[in-house]
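Peer 1: Give me a model of this one.
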Amino acid sequence: MKTRRQMRILGIINERPVKTQHELVRALREEGLQVTQATVSRDIKELGLVKTPAEDGGYRYREASRFNRSEINRELVRNLEISVTGIDHSGNMIVIHTLPATAQTVAEALDALSWPEVIGTLAGERVVFAVVKPVDRVDEVTERIRSFSRRNR
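Peer 2: Numbering: from 1, shown residues only. Now for the predicted structure:
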């Protein structure tokens, strides 16, 4: 069942632009697959799907394997530039506010940048938490993220 579902996910995102997990759930259900949003979220992560800019100015899911690593990083950083709407921090935690449904892409961009001070990220729909170690590097990392963001320069 899992293999079949994941194959259909790949088929769907290659057949048409899919902007959200909810769209993907709806498409799978229309094909008779009973899925939850949580299951689709796990499938997206396992398949290594990334959100990239779509032709209409929004975002869509694509297979990361279709890009080479430098192209993936370039796309992810571009998404970071576009998606970040605000940044704040407390202690060793940086809170990054994003456009709706882009937080996971911003977290993936931070992960792809492989900054040694960022020891982990956690994303919701509109917020990313980035944990920084050591704590005295938080201001520096916050400024680096801010320098990528067009909205926060």
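Peer 1: And the chain, split by domain according to the record?
Peer 2: Domains of the chain are assigned by automatic domain parsing as 2-66, 69-152.
Peer 1: Deepest-packed of those, please.
Peer 2: Each of the domains of the chain was scored by mean neighbour count; the highest is domain 69-152, a mean of 17, by mean count of other Cβ atoms under 10 Å. Bear in mind the C-beta positions are built from the backbone N, C-alpha and C, glycine included.
Peer 1: Strands along the chain, start to end?
Peer 2: In the chain, the strands defined using DSSP state E lie at 49-53, 59-63, 84-90, 93-98, 118-123, 127-132.
Peer 1: got TSV for those strands, with distance to Arg42 and mean pLDDT too?
Peer 2: Output for these, formatted as TSV (distance: least, Cβ to Cβ, whole Å; pLDDT from 0 to 100):
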stretch	distance to Arg42	mean pLDDT
strand 49-53	11	80
strand 59-63	14	84
strand 84-90	26	95
strand 93-98	21	96
strand 118-123	14	94
strand 127-132	19	97
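Peer 1: Quickly list what the residue nearest to Ile96 when sequence neighbours are not counted is bridged to.
Peer 2: Distance criterion Cβ to Cβ, 6 or more residues apart in numbering; nearest residue to Ile96, sequence neighbours excluded, is Val128 at 4.2 Å. Assessed by DSSP bridges, Val128 has beta-bridge partners Ile96, Ala123.
Peer 1: Done for today, thanks.
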